[in-house]
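Asks: with the sequence up front, the predicted model follows.
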Amino acid sequence: MIPVSVVPSAITAVLKFGRVAVDAYEQHARDQNILIPHSPGGSKKLEMQALRIFTGTHEDEVTPPGGLLAPHWDFNKNRWKDNSESRAAILARAEEVLSEQGEKFLDPGRSEVGDYIALKQWGENEGPLPPMARVGLAMVDVLSAFVAAHPETVGLGQNSARFATALARNISSLLPEYEKAEPLSAEEWARVDFTDQVILIALRAGLNASRETVDVYIKEEHLQQLVLDVTKPLVDTFSSDMFSDYDWRKVRDGLLDPMIQAAVSTIAAHQMAFLGQDFDPNQAVGAVTQTLFKEISAAENGLLSMMGEKGAIRLYRAGLNLVSQRPDLFIEGTANADKLGQALIHSAANALRSSDPVWRADFKDLGRELLILSVETIDVNKALIFSPDDPWEELAGKLFSEIVKGIQQGIKGSLERPPHHLLVVAMRTFLEQAALWPEMITGSKVRGDVQKIVAAMAAAMAKDEKFLLTTDDWPDIVAITVYEASRNPGRLFKIDTSDPLDELGAKILSGILAAAYDAYKVLDEDKHKFLLFGETLKNAIITALQHSAGNAKAALTNLAALETLVKNLNQVVAERPDELGAAEWQAFFRRFVTVAIDTGNVDSFSVDQLNRIINEGLRP
Amino acid sequence: MLDTIKSCRYRLFVLVIVSFVFFACGAGQRLAGLQADFERLYIAKLEFKDSLKNREAWSSIEDIETALQGVSLEAREAAASKDLQTPTKIALLRLAMIAAWQGKEDNEKYVAGIVERGRELCVTLAPTAPTRDCALLLIMPSAMASSNIPASLAVELEESFSDNNFNHLPLKYKPKAKFYFNSMRAVFETVLDTFANSQLPSYLNRHERLLNYYKKELTHYSERMGDARLYASEMEGGTIISQNEIEFAKCSEGWVGQVLNTKKGEFPGILDKSAKECLRKLNK
């Protein structure tokens, strides 16, 4: 039984729908195809046609001196000359003329009544919305209003149902007014054609995303705003750019679905942010979306060509996460939230765009990852504190540029490039750690040694051709390097513009790696005797960096002693494989690294001395 | 659910809604019904002329034409209703005019009244006027005028001209040739004046099929004008029309050629000036 309380709403809904339906039916009746008769034509005999043509519209063709058919025309008689050749020439040309005019020569039939055609009211992409579309939209509108008022009547309660309702409520802001039967302009028709698919894609994507967020209750007002924030910029951008060559339909078909899903999952994960009172996150979400579309359609190096669809979506997701994770950055007082959102994406895209084109082409996937990492750095590192005057929104772009330049410097001259996944893992750790130190990254400023540390890491990775260090090892090395460089500024890496590979930190990294490779090569047939890889090598590097940071001057002087220590230890453990393992190697290294760095006294850890220590039973 | 359907309140509710929709849809139904009547009669007329098929339903073609006049009258009356949307009124007037044309309505005042009212309504809606219906209100008077020239007259003149070995039309045909030419000249005066002084070019720009229809109509007029000019200027004893008229006829035929070569979106171009130029030649 329908509850009594529902009846007034139902009547209102039906009357509203009925009014539109009645109007639409009237429109259907007057706009349907109708039969239109043609007027009867003239005579069809070819001779008549020829005389008419050459005494009228084509008279110049038979008029001397220029007329090509003048030799065949008798001007006194106003017809072709009395010979078969002239008649044939004139009639042949008459047939051509009739054919050019789209006429079929029918001899000798006549059609008094004539034929007819079916003619529709409007030309292609002209006229008002079709009656069925108006009825459909009215139905959606009325139903959504009714269901919103009485969700109990259809048992709604899931995010998916709320999303469908939110979309329905926004349709009117995407499409021209459906209640009126006034004709649409060509631009409006193009918008209708484009938006039609936008709505379908948005519905599909929203329902899918809502199913995945079933555990979270998303308020309908948030979903409504979200739908508007994602779909309207696309439709508006298309409308204002429809005469350009850019194919917005491809963007719509490829990106809208994942963008909606990204937005729904972001809103589900960060409900509190969207409930905040200090700023309107939707303003920023709309701005991020709009700017993404602008960057995608940039005349040169559009975002899609640089990052691909997946990359663009990940950048978008990173931008949305930033909006929801760090609402403090968008609080009014620095600038408007929408301008900040625009600048964030724009500066990031510009950084990628202005990077070395050769590098961009060769490192496309790496560039994409690094750019996203740079945006995420602001997002995940709550330790980053910005003063109100800091243009923080440009930080991602600056970080990206510094990293790219550092990697380029580091691998310059190397025969092998480090694997991209290793670089990504290392740079993620680097950015996470660096962001923890306000001295290194503060506001929009990036300290000079950031580029140098990246260069040193990239150079070391390029040297590690046999992958003695893995994706598990590099993050730890990077983390310690950043940690030591941060708390000991100017020691491991000078804060100036000198050659990054000439810095102490870089030399320690490359020195220990070089020593490890020497041992590796020597033990050509007995690789099982080689121990300086993985955790052992990582710990050696970390230990050396930690000691060097505290006594940089001595470390720089005694780098050779450090390398000798590594070589000697490698030699001893290779000669005594049954007695010494990785633990012993590390213990000896820890015992003598201070001596090597502080004094440079190689005699205290010569091969003989090490053997003697072991023979005397003084194992570490 | 079944209980709901069986309840009196529910049934009353459905009845109210259905009644509302039924009565409210009256205007659309009226137009759709009259349009269907017209098409049924028009097809019957074609079939009656072309073959014996379905002839048993009608005793003569005049019966069909009388019925078409009835449709025209009903449509004109329906268009006078105040409750209708303006585009629907225009559609009814367009239907009234076409039905009058096919019903061979000879009351010129009646037809002129329909056309004038339709055009007035189109002007009030411009530029959102319904393209096809408003264009037809501009095109149809010429089509009617062209159709009203008896086809038998054209056949008679052509055969006489052909029998005379395409040299001259015998003098006895002078009145008929003169009538034929004057009729076609009147058609072209209307065509050129309408094109140069109405919204027709903008309608043609927006509707490919309408444009093709118009081009075909003009081709028919042009063929007939060419023939009429030929008979009138190739009479035994010399031309029976003035040089101005010959120039006008040639100019009109050339203008049609220009229209045929003009694509959708390119109207009026210089065609409105050309049309006025042709009209000036006639009045020189």
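Replies: Done, it's in.

Asks: who touches residue A:193 in this structure?
Replies: Residues near residue A:193 by C-beta atoms under 8 Å, 6 or more residues apart in numbering or on different chains: residue A:125. C-beta coordinates here come from the backbone N, C-alpha and C atoms, glycine included.

Asks: tell me the SS of it?
Replies: State at residue A:193, reduced to three classes by DSSP: H, G, I helix; E, B strand; the rest coil: helix.

Asks: is chain B within reach of the helix or strand where residue A:99 lies?
Replies: Here residue A:99, judged by DSSP states H and E, is contained in helix A:84-100. No - Helix A:84-100 lies apart from chain B when judged by C-beta under 8 Å from any C-beta of the partner chain; the minimum separation is 8.7 Å.

Asks: quick check: buried residues in the helix or strand just after that helix?
Replies: As assigned by DSSP H and E, the chain's next helix or strand after helix A:84-100 is strand A:116-119. Of all the residues in strand A:116-119, those buried under the rule 16 or more other C-beta atoms under 10 Å in any protein chain shown are A:116, A:119.

Asks: next: stretch A:78-97.
Replies: Those would be A:78-80, A:86-87, A:89-91, A:93-94, A:97, for stretch A:78-97 by 16+ other C-beta under 10 Å.

Asks: quick check: residues of the stretch 151-284 of chain B near chain A?
Replies: So the stretch 151-284 of chain B meets chain A at B:151, B:154-155, B:158, B:161-162, B:166-167, B:206-210, B:212-213, B:215-217, B:219-224, B:226-227, B:229-230, B:233-234, B:249-250, B:253-254, B:257, B:260, B:264 (C-beta under 8 Å from any C-beta).

Asks: if any of those residues are buried, put those into a ChimeraX selection.
Replies: Entered in ChimeraX, the line below selects the buried ones among these, by 16+ other C-beta under 10 Å:
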select /B:151,154,158,161,166,206,207,209,210,213,215,216,217,219,220,221,222,223,224,226,227,229,230,233,234,249,250,253,254,257,260,264
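
Asks: which ones among the residues of the stretch 151-284 of chain B next to chain A are found in helices?
Replies: Counting by DSSP state H, the part of these found in helices is B:151, B:154-155, B:158, B:161-162, B:206, B:208-210, B:212-213, B:215-217, B:219-224, B:226-227, B:229-230, B:233, B:249-250, B:253-254, B:257, B:260.

Asks: now the buried residues of stretch A:78-97 as JSON lines including pLDDT and distance to residue B:271?
Replies: Formatted as JSON lines, the buried residues of stretch A:78-97 follow (pLDDT from 0 to 100; distance: C-beta to C-beta, whole Å):
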{"residue": "A:78", "pLDDT": "83", "distance to residue B:271": "29"}
{"residue": "A:79", "pLDDT": "86", "distance to residue B:271": "31"}
{"residue": "A:80", "pLDDT": "89", "distance to residue B:271": "32"}
{"residue": "A:86", "pLDDT": "89", "distance to residue B:271": "35"}
{"residue": "A:87", "pLDDT": "87", "distance to residue B:271": "35"}
{"residue": "A:89", "pLDDT": "90", "distance to residue B:271": "32"}
{"residue": "A:90", "pLDDT": "91", "distance to residue B:271": "29"}
{"residue": "A:91", "pLDDT": "89", "distance to residue B:271": "30"}
{"residue": "A:93", "pLDDT": "91", "distance to residue B:271": "26"}
{"residue": "A:94", "pLDDT": "89", "distance to residue B:271": "25"}
{"residue": "A:97", "pLDDT": "86", "distance to residue B:271": "20"}
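
Asks: so which of those residues comes closest to chain B?
Replies: residue A:79 (5.8 Å; C-beta to the nearest C-beta).

Asks: wait, the closest one sits on residue A:51?
Replies: Yes - between residue A:79 and residue A:51 there is a contact at 6.1 Å, judged by C-beta atoms under 8 Å.

Asks: please enumerate the shared neighbours of the two.
Replies: What both residue A:79 and residue A:51 touch, as defined by C-beta under 8 Å, 6+ apart, is the set residue B:166.

Asks: ok now the helix holding residue A:99, how far from the chain's centre?
Replies: Distance, stretch centre to chain centre, for helix A:84-100: 64 Å (C-alpha atoms, centre = their mean, to the nearest Å).

Asks: is residue A:199 in contact with residue A:169, as I believe?
Replies: No - using C-beta under 8 Å, residue A:199 is not in contact with residue A:169; the gap is 12.0 Å.

Asks: host element of the nearest residue to residue A:414 once chain neighbours are set aside?
Replies: In this structure, residue A:414 finds its nearest non-sequential neighbour in residue A:462, 3.8 Å apart by C-beta to C-beta, 6 or more residues apart in numbering or on different chains. Residue A:462 is part of helix A:448-463 when elements are defined by DSSP H and E.

Asks: against which helices or strands is that helix packed?
Replies: Using 3 or more C-beta pairs under 8 Å, 6 or more residues apart in numbering or on different chains; DSSP states H and E, the elements in contact with helix A:448-463 are helix A:395-411, helix A:420-434, helix A:474-487, helix A:504-522.

Asks: tell me the buried residues in it?
Replies: A:448-463.

Asks: figure out how far that helix is from the centre of its chain.
Replies: Worked out by C-alpha atoms, centre = their mean, helix A:448-463 lies 27 Å from the chain centre.
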